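Colleague: make a model of this:
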Amino acid sequence: MQLTLAENIRKFRKERKMTQDALATVLGVTVGAVYKWESGLSVPELNLIVEMADFFDTSVDTLLGYKMKDNHLESMLDRLYAFCQTLDPTALTEAEKALAKYPHSFKVVLTCSDLFLGFGLSTHNPQLLRRALELQEQARLLLSQNDNPRVSEATICGKMSCAYLQLGEKEKALELLKKNNTDGIFSQDIGSTLAVYMNKAEEAVRYLSEGLLKGMSTLLNVMFGYLFVYRARGDWASALDITSWCNTLISGLKAESTPGFMDKTHAEVMLALAYARMKASMPESAREALKKAAELAARFDSTPEYSLKSVRFMEGVENSIAFDSFGTTAAESIEYLLNLLKDKNLSALWKEISNLEH
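Modeller: Next comes the predicted model:
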C-alpha cells in the first residue's frame with residue numbers, strides 16, 4: 001500500500017502559505033518534527049494526523065493519500081489486466097490476493113493464469129510458468145462457469161502448451177496441441193513446434209501449410225472487412241494502406257508460373273485496391289489495378305483450377321480444394337464485389353476495361 005502523507009502535509013501547508021515553523025506552532029511540536037514528516041523520515045502520531053486533517057479541512061484518508069480499492073470482481077479483473085499491459089510485478093501479488101478472495105471463480109482463475117503465463121514467458125521464470133499451469137488446470141475444472149464464447153477448453157490447452165514448451169516439455173506441449181487441433185486452429189503452432197523445437201521438419205510441413213492457408217483466408221476476410229469500415233468512415237488513406245499491404249502479401253504467396261486459384265484471389269484483391277485508389281483520388285493508378293485484375297480474371301477463367309498448386313510454400317495438401325463465397329468464376333467474383341461496393345465510376349471503368357480485354 002502506497003501512502004503520500006509526507007507529500008500531502010507539505011502540499012496542504014504550502015496551500016495555506018504557512019512555514020514549517022508556523023505549522024509546528026499550531027500543532028504544538030518542534031519545527032524539526034514537521035521537517036521529518038515532510039521528508040518522510042518519520043510519521044506523526046495518529047492524534048496529530050487527525051488534528052492536521054481537521055486543521056487542513058480535509059479527511060484523514062485524503063491526508064494520508066489512501067485510496068480505497070474497489071474490490072468487486074470486475075474491478076479487480078480490470079486492475080489485473082492493467083497490470084498485465086505494463087508487466088508491473090505488482091500484478092503477481094494482486095493476482096494471489098484475487099485468488100484468495102475468489103478461489104472458485106472461473107474468470108479470476110483464468111485471468112490470473114494468463115497473468116502468470118505472460119510474466120513466466122517474458123521472464124523465462126519456471127516457477128511462474130508452473131503456477132500458470134496449476135491455474136489453467138483449475139480453470140478447466142471450472143469451465144462450466146464460462147460465458148465467454150472466445151474461451152474453450154481448447155484455447156486453455158493452447159495456452160498450457162506455451163507454458164510446457166517454455167519449460168522444455170516439448171512432447172507435452174505437442175500432445176495438447178494435436179489433441180485440441182479442431183478445424184486446424186493450432187496447425188501453425190504444431191508445425192512451428194515440430195520444426196523449430198523438435199527437429200522434425202518434414203512432419204511439420206503439412207501443419208505449416210494448413211496454417212498458411214488459414215492465415216491467408218483470415219487476411220483476405222480482414223482486408224475486405226476493413227475496406228468497408230474505412231469506407232464508412234471516409235478514411236481512404238487507411239483503405240489504401242490496407243489494400244496495398246494485402247496486395248503485397250498475396251503477390252508474394254502467388255506462384256507466378258502456375259495458373260490457378262491464386263489468380264482469382266489476386267484479381268479480387270486488385271479490385272479492392274483499385275477502389276481504394278479511386279477514392280483516394282488516384283484515377284490512373286486505379287485504372288492500372290483494374291487492368292491487372294482483368295488480366296488475372298481472364299487467366300483464371302480460361303483454365304479454372306481450384307487446387308492449391310498456385311499458392312507458394314504449400315506442401316502436403318494436394319487433396320485440398322480452394323474456394324471463396326464471391327463466385328465460381330473470377331468474372332462472377334468481380335461482379336459480386338462491384339455490387340457490394342456500389343460505386344458507379346468503378347463499375348463503369350471495369351466494364352470499359354473488361355470489354356477491351358475481350
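Colleague: can you pull the buried residues of the helix-or-strand element of the chain with minimal mean pLDDT?
Modeller: One helix or strand of the chain scores below all others by mean pLDDT, DSSP states H and E: helix 73-86, with a mean of 80. Going by neighbour count (16 or more other Cβ atoms under 10 Å), the buried part of helix 73-86 is 76-77, 79-80, 83-84. C-beta coordinates here come from the backbone N, C-alpha and C atoms, glycine included.
Colleague: which one of those residues sits closest to residue 165?
Modeller: Residue 165 lies nearest to residue 84 out of the buried residues of helix 73-86, by Cβ to Cβ, at 20.3 Å.
Colleague: looks like that closest one contacts residue 112 (just checking).
Modeller: No: Residue 84 is not in contact with residue 112 according to Cβ atoms under 8 Å; the separation is 10.1 Å.
Colleague: sorry, back to before: residues making contact with whichever helix or strand comes after the least confident helix or strand of the chain?
Modeller: Under the assignment DSSP states H and E, the closest C-terminal helix or strand after helix 73-86 is helix 90-101. For helix 90-101, the external contacting residues (Cβ atoms under 8 Å, 6 or more residues apart in numbering) are 71, 76-77, 79-80, 83-84, 108-109, 111-112, 115-116, 119, 128, 135.
Colleague: and if we set it to 7 Å?
Modeller: For helix 90-101, contacts defined as Cβ atoms under 7 Å, 6 or more residues apart in numbering pick out 76, 79-80, 83-84, 108-109, 112, 115-116, 119.
Colleague: biggest separation within those residues, which pair?
Modeller: Going by Cβ to Cβ, the pair spanning the contacts of helix 90-101 furthest: 76 and 119, at 17.6 Å.
Colleague: low-confidence stretches in the chain?
Modeller: Residues of the chain that meet the criterion pLDDT under 70 lie in 1-2, 67-71, 317-320, 356-358.
Colleague: got the domain ranges for it?
Modeller: As given by automatic domain parsing, the domain ranges for the chain are 5-64, 73-180, 207-357.
Colleague: can you get me the start-to-end distance on the first one?
Modeller: Spelled out, that is domain 5-64. From its first residue to its last, domain 5-64 covers 4 Å (Cα to Cα, to the nearest Å).
Colleague: picking that back up, how distant is the least confident helix or strand of the chain from the center of its chain?
Modeller: Centroid displacement of helix 73-86 relative to its chain, using Cα atoms, centre = their mean, to the nearest Å, is 16 Å.
Colleague: how about stretch 45-60?
Modeller: When distances are taken as Cα atoms, centre = their mean, stretch 45-60 is centred 47 Å away from the chain's centroid.
Colleague: list the contacts of the closest residue to residue 254 other than its chain neighbours.
Modeller: Spatial nearest neighbour of residue 254, excluding adjacent residues (Cβ to Cβ, 6 or more residues apart in numbering): residue 262 at 4.2 Å. By Cβ under 7 Å, 6+ apart, the contact list for residue 262 reads 253-255, 310-311.
Colleague: export those residues to a markdown table and tack on distance to residue 237 and neighbour count?
Modeller: What follows is these, written out as a markdown table (distance: Cβ to Cβ, whole Å; neighbours: other Cβ atoms under 10 Å):
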| residue | distance to residue 237 | neighbour count |
| --- | --- | --- |
| 253 | 25 | 20 |
| 254 | 26 | 20 |
| 255 | 32 | 15 |
| 310 | 32 | 23 |
| 311 | 30 | 23 |
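Colleague: so which of those residues sit within helices?
Modeller: Judged by DSSP state H, the contacts of residue 262 include residue 253 as members of helices.
Colleague: what is the nearest of the contacts of residue 262 to residue 38?
Modeller: residue 253 (65.7 Å).
Colleague: these two touch, right, the closest one and residue 314?
Modeller: No: using Cβ atoms under 7 Å, residue 253 is not in contact with residue 314; the gap is 9.0 Å.
Colleague: and the helices in the stretch 51-200 of the chain?
Modeller: 60-64, 73-86, 90-101, 106-123, 126-141, 153-166, 170-179, 187-192 (DSSP state H, counting those that start in this stretch).
Colleague: helices or strands up against the least confident helix or strand of the chain?
Modeller: helix 90-101, helix 106-123 (3 or more Cβ pairs under 7 Å, 6 or more residues apart in numbering; DSSP states H and E).
Colleague: not counting its own residues, what contacts it?
Modeller: Contacts for helix 73-86 (Cβ under 7 Å, 6+ apart): 90-91, 94-95, 98, 102, 105, 107-108, 111-112, 115, 118.
Colleague: highest neighbour count among the residues you listed?
Modeller: residue 112 (28 neighbours; other Cβ atoms under 10 Å).
Colleague: quick check, nearest of the buried residues of helix 73-86 to residue 148?
Modeller: residue 77 (11.9 Å).
Colleague: return the distance of the closest one relative to residue 119.
Modeller: 17 Å (Cβ to Cβ, to the nearest Å).
Colleague: count of neighbours near the closest residue to residue 103 other than its chain neighbours?
Modeller: Sequence neighbours aside, residue 109 is the residue nearest to residue 103 in space, at 7.8 Å (criterion: Cβ to Cβ, 6+ apart). When neighbours are counted by other Cβ under 10 Å, residue 109 registers 25.
Colleague: quick one: residues contacting residue 109.
Modeller: Residues counted as contacts of residue 109 (Cβ under 7 Å, 6+ apart) are 99, 135, 138-139, 142.
Colleague: separation between it and residue 98?
Modeller: 9 Å.
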